[in-house]
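**Q** Next input, structure requested:
(chains A and B)
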Amino acid sequence: MLLVKKIFFLLLFLIPGIFFSCKKEVPIQQIIITDTTGYNPTPYSITVPWYFPTIMNIPADNPLTVEGIYLGRCLFYDQRFSGYQAPDSQMSCSSCHWQSKAFECGIDGPFPGGHPIGIGGNYTPHYMLPLFNLVWQNNGYLWSGLIRPDNPVTSKRRLEDLVWMGVYAKHEMYSDSNRVLAAIQNIPGYKILFKKAFGTENITFELMAKAIGQFVRSIVSCHSKFDQYLLGQTSLTPSESSGFVLFVTETGADCFHCHGGDGNPLFSTYLYYNNGKDTVFGDPMDHYGITGDPMDIGAYKAPTLRNCELTGPYMHDGRFTTLDQVIDFYSEGVVWSPSISPLMHKVNDGGAQLTPQQKADLKAFLLTLTDQTLLSNPDYGPPPEFP
Amino acid sequence: MKHCSLLLFLSVMMVIGSCKKDEPIETNKFGKISFQFAHKVNGLALVTDTLIYVNAAGNEYLVNEVQYFISDVILHNSDGSDFMINQDGGIHYVDTDIPSTFSWAVTTDIPVGNYSSVSFTFGISEAKNQSNMFPNPPERDMFWPEFLGGGYHYMKLNGKWLDTLSQVTPFNFHLGIGQIYAHDVINVDSITGFVQNYFTVTVPNSSFAINENQTTSMELIMNIESWFDTPHVWDFNYWGGSIMQNQQAMQTAKENGADVFTIGTIQ
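**A** As a prediction, the model looks like this:
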């Protein structure tokens, strides 16, 4: 009997060993902050469903911290950040990036029609892209991919670099970093927040950019109806389900090769494609403008379709105002050009040739990607009070 | 008691065996192996995005990109034993858009000796081809929709061909799990079963040696034109530009794929 007991206990140790001995290692973001200045910010972890990517685009010198994200949130929403005094010139990131529009301007937000105009009176070169799930973008930011790690221009490589670009651009804040610094650096409350976030009261523009970068990286969309469906918490309606099938089948609308699906919950590869909108090209800010590869003429980053209900007008030039127009385009409006992506394999039919019912189903599916939590999460909204 | 002893023995064996990376070969001398992947058409290095190729059916075509998995590489020792490479789950992804994927340095110790050949699975076996196992790009973007069988594309070979109307038409020569449709109605509601289309490639003339404390570098060449000839002449005008939901087409491609790989430099 004693031997049986011994064997039992031995098995008790061995059996878990069977299960754990082969457990696959998963990448874990390491946040190491050397506390040399007496500050001790709290590491921040992004919580997402199991099917989300594990590799995040977080620079080693700007790990996410609770204090850094809060500071970035204050700056993101602070109208003084433009550096202007006059009320009609003051603006912040949030002046254009509305939470209620999935952190872009939408078609009926601050700019009627959806084309942003900066303080300098200029329209932005392209229409907006939403600011969420950027922490999983590794192939460049903006429609063209201009902001990328291998950019020879070292000041245009990181998400943080978009902050100074937004400050300087005529079509955005049309300000400068000195003006912004002057507006922020002597506010006592900000000194405290910078001390907590970065261990210094010596406020620099780079630290402001880092804080905003942290806040933007913390904005995550992972609570749509489709997420609930993937988690087994809800079911799709027959129309939504039919739309989902169309989305992920080659004989259907074949959206998934560029826009993800059940195997890619970001709903974009974030790669660059000429999707067949034009036969003549002249935009110097397409992906060809970055790579010089003729196959990238007319190519732009595939935007995420999460929250696409809110992010019209659509395409880099905002040519489509409704999702219906977008679906019509992919159904019968696709045109051939030498650089069209091979994934647009139905181009010589003009597109996927969907029936009215299929179009309605596809739209119903796209609407399941709206994430109300993103739109209302107070952690992504304005701070309770500004410094 | 007898049962307990048996259970204990089995458990111990499972613990020992469950994480064992390689087949046991009695030796205490080891070397390494690395694989280099090259892509050629008609014996010359692949030139992408240029309409310069003609396949066996006479179709003029260009190749935009090739993305694929190989897995379960087995080194066949001349003494009759096999050594399977299990590093990275035994799966390697190659993407002509990402040159870093052209090299796979296997860090596992390989027993020294003479090996007669190399074989591998083109694609991913049914046991390993699990949906969502690659959460990150670029492998993630190979996912094969659950409705169509799940897991991952074995290969995306994307390009264009000059069709009968002299239109340059895109093709997506994609391989993965096939579907059987009732009454040939191509609709997911009529799927009655799935077909595993992965296949074994035994690379001809792939004998090599593993020497102690040395790394043998083996070049594996995908000869892209071979997807379109023996044993079946592949005519894009017949099969069209997309085949994920055409099992007959994928079966044909699979049979053509057996001799696609040849050996290059071994050093």
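**Q** Please report how far residue B:56 lies from chain A.
**A** Residue B:56 is 21 Å from chain A, where distance means Cβ to the nearest Cβ, to the nearest Å. For every residue, glycine as well, the C-beta is placed using N, CA and C.
**Q** Can you verify that residue is assigned to a strand?
**A** No. Judged by DSSP: H, G, I helix; E, B strand; the rest coil, residue B:56 forms no part of a strand; its state is coil.
**Q** If you tally nearby residues, what's the number for it?
**A** 15 (other Cβ atoms under 10 Å in any protein chain shown).
**Q** Surely it and residue B:228 touch.
**A** Yes. Look at residue B:56 against residue B:228 with Cβ atoms under 8 Å: they come within range, at 5.6 Å.
**Q** Between these two, which contacts overlap?
**A** residue B:234 (Cβ atoms under 8 Å, 6 or more residues apart in numbering or on different chains).
**Q** which phi and psi does the residue of the stretch 101-250 of chain B found nearest chain A have?
**A** Using Cβ to the nearest Cβ, the closest approach of the stretch 101-250 of chain B to chain A is made by residue B:143 at 2.4 Å. For residue B:143, the backbone dihedrals (degrees, to the nearest 10) come out as phi -60, psi 150.
**Q** Repeat that for residue B:103.
**A** Dihedral angles (degrees, to the nearest 10) for residue B:103: phi -120, psi 130.
**Q** Just the pLDDT for it.
**A** Residue B:103 is assigned a predicted lDDT (pLDDT) of 98.
**Q** Could you check how far it is from residue B:205?
**A** Distance, residue B:103 to residue B:205, by Cβ to Cβ, to the nearest Å: 21 Å.
**Q** Skip ahead from the helix-or-strand element of chain B with minimal mean pLDDT and say which helix or strand is next.
**A** Of the helices and strands making up chain B, the lowest-confidence element is helix B:2-18, at a mean of 43, by mean pLDDT, DSSP states H and E. Going down the chain from helix B:2-18, the next helix or strand is strand B:30-41, by DSSP states H and E.
**Q** helices or strands up against that following strand?
**A** strand B:60-77, strand B:103-111, strand B:208-210, strand B:215-223, strand B:261-266 (3 or more Cβ pairs under 8 Å, 6 or more residues apart in numbering or on different chains; DSSP states H and E).
**Q** Most tightly packed of those strands?
**A** strand B:60-77 (a mean of 22; mean count of other Cβ atoms under 10 Å in any protein chain shown).
**Q** Send over that one as CSV, restricted to the C-alpha atoms.
**A** What follows is strand B:60-77, C-alpha atoms only, in CSV (Å, rounded to 0.1, in the frame of the first residue of the first chain):
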residue,chain,number,x,y,z
GLU,B,60,2.7,34.2,-70.5
TYR,B,61,2.9,35.0,-66.8
LEU,B,62,4.6,37.0,-64.1
VAL,B,63,5.1,36.3,-60.4
ASN,B,64,4.5,38.9,-57.8
GLU,B,65,5.3,37.0,-54.7
VAL,B,66,5.6,33.5,-53.2
GLN,B,67,4.7,32.8,-49.6
TYR,B,68,4.7,29.2,-48.2
PHE,B,69,5.3,26.9,-45.3
ILE,B,70,7.5,23.9,-45.2
SER,B,71,7.4,21.6,-42.1
ASP,B,72,8.5,18.4,-40.6
VAL,B,73,11.8,18.3,-42.3
ILE,B,74,13.3,14.8,-42.0
LEU,B,75,17.0,14.1,-42.5
HIS,B,76,17.4,10.5,-43.6
ASN,B,77,20.6,9.0,-42.3
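**Q** That strand pairs with which strands?
**A** strand B:53-54 (antiparallel), strand B:82-84 (antiparallel), strand B:91-95 (antiparallel), strand B:113-122 (antiparallel), strand B:155-162 (antiparallel) (DSSP bridges).
**Q** re the thing from before, which strand residues bridge the residue of the stretch 101-250 of chain B closest to chain A?
**A** residue B:152.
**Q** next one: residue B:203
**A** In beta-bridge terms (that is, DSSP bridges), residue B:203 pairs with residue B:118.
**Q** Do the helix or strand harbouring residue A:226 and chain B come into contact?
**A** Residue A:226 is located in helix A:225-230, with elements delineated by DSSP H and E. No. Using Cβ under 8 Å from any Cβ of the partner chain, we find that helix A:225-230 stays clear of chain B, coming within 9.4 Å at best.
**Q** just checking, what packs against that helix?
**A** Applying 3+ Cβ pairs under 8 Å, 6+ apart, we find helix A:225-230 packed against no helix or strand.
**Q** Determine the number of other residues adjacent to residue A:51.
**A** When neighbours are counted by other Cβ under 10 Å, residue A:51 comes out with 17.
**Q** surely it meets residue A:230?
**A** Yes. Residue A:51 is within contact range of residue A:230, at 6.3 Å (criterion: Cβ under 8 Å).
**Q** list residues touching both of those two?
**A** What both residue A:51 and residue A:230 touch, as defined by Cβ under 8 Å, 6+ apart, is the set residue A:265.
**Q** quick one: secondary structure of residue A:197?
**A** helix.
**Q** Run a quick neighbour tally on it.
**A** Residue A:197: 22 neighbours (other Cβ under 10 Å).
**Q** residues touching it, list them.
**A** A:41, A:65, A:67-68, A:70-71, A:207, A:211.
**Q** of the residues you listed, closest to residue A:240?
**A** Lowest distance from residue A:240 to those (Cβ to Cβ) belongs to residue A:70, with 37.3 Å.
**Q** isn't that closest one right next to residue A:190, touching?
**A** No. Taking contacts as Cβ under 8 Å, residue A:70 lies outside contact range of residue A:190: 11.6 Å.
**Q** on that earlier part again, out of the strands paired with strand B:60-77, which is the most enclosed?
**A** strand B:155-162 comes out most buried of the strands paired with strand B:60-77 by mean count of other Cβ under 10 Å, with a mean of 23.
**Q** what about that one, distance to the chain center?
**A** 17 Å (Cα atoms, centre = their mean, to the nearest Å).
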